[in-house]
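> Quick one, structure for this:
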Amino acid sequence: MKKDIIYLEQYLKSNRIGLGAFACVFKIDNKALKVFFRENLQKHNAKNEIRMLKNLKHPNIPKFYNSGKIDNKYPSILMEYIEGITLHELTGLNRIVKDIISENTIKAILLQTTEVLSFLHSKNIVHRDIKPTSFMISRNGIVKLIDFATVKKIKKDFLRISGMNAEYKAVEQVTNKITYCKSDIWSLGTIVYELITGRQLFDYETIDEIETTETVIPDCNYDLKSLLKLMLQRDVSKRISSIELWQETKELMNREVSERILKKFVSYYLNSPACQAYLERARNCYPFELLDLMPFIEQAKTEKEIHAIAV
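Next comes the predicted model:
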């Protein structure tokens, strides 16, 4: 990692592209530099994230270039820069402006997210904290898994540890504090549910009701509805595995079509002035910080740009 990066505080500040609970991400020479906050390192295993990203090679995982320390104290990773949108940004906008995400677009997202999860699970690696901020769709239509903060190697069939983000936890993570590879599939199912309906399946106030509340599968395409039902099975033994889900999704759409659909969708999204303004504002907020979307939504409606997208 170039040493001159260490001293460019003003440059880093002006090129910040992401802000989370544990780290900031900056754009440096068309690469992404992720810098971990020192005060949070006890809660976050930066070394584990660096090791995982360095060793895992897959089209849906950002390329690793280097790692080091900023000012000799802040762990950092230099990796592939991805221009695009996160599923968090997409679901945030979808809550306000309905029908911007077609069912084909959701299938395209599902195909690539299940492919990368099946890759991790084949190596007995569980993510534990799948959520909308975990994925970014690039301009080229590639869905990238960008969050490796909680990734763990499983020695048995499960971990005696729960997930991190309450709204997307699986039943067994909430009730028994146990995580299986299939727990990632439940979490992915809640994201699909949110993409379809524009609302979360559970939130902080209702997550404790997860064991007793019946999951109502939303009305949508038959194939998508069938897959979602298998993903949101409370009984882990009956829940579909990542490899089975990937195979099922490939029957509906191949990789080439998935990339073409998402490339068109992201290009449309990023070329909207309203969306550009939204992204600029959203990326300077913590993921859990509320953002006033109305100015961007009103602008979008005026532009007549963000409505049903046929792909």
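> Show me the shaky parts of the stretch 151-300 of the chain.
156-166, 203-212, 274, 278-300 (pLDDT under 70).
> Ends of stretch 230-238, what's the gap?
End-to-end distance of stretch 230-238 (Cα to Cα, to the nearest Å): 8 Å.
> which parts of it are buried?
Residues of stretch 230-238 classed as buried by neighbour count (16 or more other Cβ atoms under 10 Å): 230-233, 236. C-betas here are computed from N, CA, C, even on glycine.
> Which of those residues fall within helices?
Judged by DSSP state H, helices contain the following of these: 230-231.
> got the buried residues of stretch 230-238 as CSV, with distance to Ile178 columns?
What follows is the buried residues of stretch 230-238, written out as CSV (distance: Cβ to Cβ, whole Å):
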residue, distance to Ile178
Leu230, 20
Met231, 18
Leu232, 18
Gln233, 16
Val236, 9
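> Asn15: which of the buried residues of stretch 230-238 is nearest?
Nearest to Asn15 among these, counting by Cβ to Cβ, is Met231 at 37.5 Å.
> unless I'm mixing things up, that closest one is touching Ser187, no?
No. If you go by Cβ atoms under 8 Å, Met231 and Ser187 don't touch, sitting 9.2 Å apart.
> Would you tell me which one of the buried residues of stretch 230-238 comes nearest to Lys63?
For these, the nearest to Lys63 is Met231 (28.9 Å; Cβ to Cβ).
> returning to what we had before: ok, the buried residues of stretch 230-238 vs Tyr268, which is closest?
If you rank those by distance to Tyr268 using Cβ to Cβ, Met231 comes first, at 27.4 Å.
> tell me the contacts of that closest one?
Residues near Met231 by Cβ atoms under 8 Å, 6 or more residues apart in numbering: 185-186, 188-189, 192, 239-240, 245.
> For the stretch 101-250 of the chain, which segments count as strands?
For the stretch 101-250 of the chain, the strands defined by DSSP state E, counting those that start in this stretch cover 125-126, 135-138, 143-145, 152-153.
> now Glu80, which residues is it bridged with?
With DSSP bridges as the criterion, Glu80 is bridged to Lys31.
> State the number of residues packed around it.
Other residues near Glu80 number 16, with proximity taken as other Cβ atoms under 10 Å.
> Test my guess that Leu224 contacts Ile106.
Yes. Contact criterion Cβ under 8 Å: Leu224 and Ile106 qualify, at 6.5 Å.
> one step back: so which of the buried residues of stretch 230-238 is the closest to His127?
In terms of Cβ to Cβ, no member of the buried residues of stretch 230-238 lies closer to His127 than Met231, at 14.6 Å.
> Leu110 versus the closest one, what's the distance?
Using Cβ to Cβ, to the nearest Å, one obtains 9 Å as the distance from Met231 to Leu110.
> so what's in contact with these two at the same time?
188, 192, 245.
> still on that earlier bit, tabulate the strands of the stretch 101-250 of the chain (CSV), appending distance to Leu19 and mean neighbour count.
Shown next, in CSV, are these (distance: least, Cβ to Cβ, whole Å; neighbours: other Cβ atoms under 10 Å):
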stretch, distance to Leu19, mean neighbour count
strand 125-126, 26, 22
strand 135-138, 14, 24
strand 143-145, 18, 24
strand 152-153, 25, 14
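> what sits against Glu259?
Here Glu259 is in contact with 108, 140-142 (Cβ under 8 Å, 6+ apart).
> sorry, that was for Ser241
The neighbours of Ser241, taking Cβ under 8 Å, 6+ apart as the test, are 118, 121, 181-182, 185.
> Filter those residues down to the buried ones, ChimeraX style.
Buried residues within those, by 16+ other Cβ under 10 Å, are selected in ChimeraX with:
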select :118,121,181,182,185
